[in-house]
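Undergrad: I would like the atomic coordinates for the input below:
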Amino acid sequence: QVQLVESGGALVQAGDSLRLSCSASGRTFSTYDMGWFRQAPGKEREFVAAVRWNSGLTYYADSVKGRFTISRDNAKNTMLLQMSGLKPEDTAVYYCAARLGRSTTTRDINEYDYWGQGTQVTVSS
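TA: This next block holds a predicted model:
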């Protein structure tokens, strides 16, 4: 069982940077694939970024590639999402997600077993 808690959401202006953090409970954090998803009002939850447990390979949605960076610190049971060049269309509730490491795609929302409560990011123009 893993419990996830996001933090770092805020109201920022277009072009600003922001860092989200996901803190995980449990002693097996290092064996979990981790991901970030987001949900804007009236839209479905969508993939943002993910990092694999073993290789550390990272994956990004095309809409954030080059602007967002996902990272993890297994010693601290923490995952980060560094966001730069924020745009109004990045406005959403951002969710941290986890699953036991496996070789299947990291982009599918249905692949994840554990979710945080979300943190609001609002980007004003």
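
Undergrad: packing partners of the helix or strand containing residue 50?
TA: Assessed by DSSP states H and E, residue 50 sits inside strand 46-51. Secondary-structure packing of strand 46-51 (3 or more Cβ pairs under 8 Å, 6 or more residues apart in numbering; DSSP states H and E): strand 32-39, strand 58-60, strand 68-73, strand 78-83. Just so you know, the C-beta spots here come from the backbone N, C-alpha and C atoms, and that holds for glycine as well.

Undergrad: contacting residues around the residue minimising distance to the centre of the chain?
TA: Nearest to the mean C-alpha position of the chain, by Cα atoms, centre = their mean, lies residue 36 at 2.1 Å. By Cβ atoms under 8 Å, 6 or more residues apart in numbering, residue 36 lies in contact with 20, 22, 48-50, 70, 79, 81, 94-97.

Undergrad: low pLDDT regions in this structure?
TA: The chain contains no residues with pLDDT under 70.

Undergrad: picking up where we left off before, quickly compare the helices and strands packed on strand 46-51 and say which is most buried.
TA: Stretch with highest mean neighbour count among those: strand 32-39 (a mean of 24; mean count of other Cβ atoms under 10 Å).

Undergrad: so that strand versus strand 46-51, what angle?
TA: 160 degrees (axes from the mean of the first three to the mean of the last three Cα atoms, to 10 degrees).

Undergrad: strands paired with strand 32-39, and their directions?
TA: Each strand paired with strand 32-39, and its direction, by DSSP bridges: strand 46-51 (antiparallel), strand 92-100 (antiparallel).

Undergrad: re the thing from before, who's the residue nearest to the centre of the chain bridged to?
TA: Under the criterion used (DSSP bridges), residue 36 bridges to residue 49, residue 96.

Undergrad: then residue 21?
TA: Taking DSSP bridges as the rule, residue 21 bridges to residue 7, residue 80.

Undergrad: if I look at it, how far off is residue 9?
TA: Counting by Cβ to Cβ, to the nearest Å, the gap from residue 21 to residue 9 is 10 Å.

Undergrad: and residue 83, by the same measure?
TA: 10 Å.

Undergrad: who touches both of these two?
TA: With contacts defined as Cβ under 8 Å, 6+ apart, the residues shared by residue 83 and residue 9 are 18, 20, 121.

Undergrad: right, I'll call it a day here.
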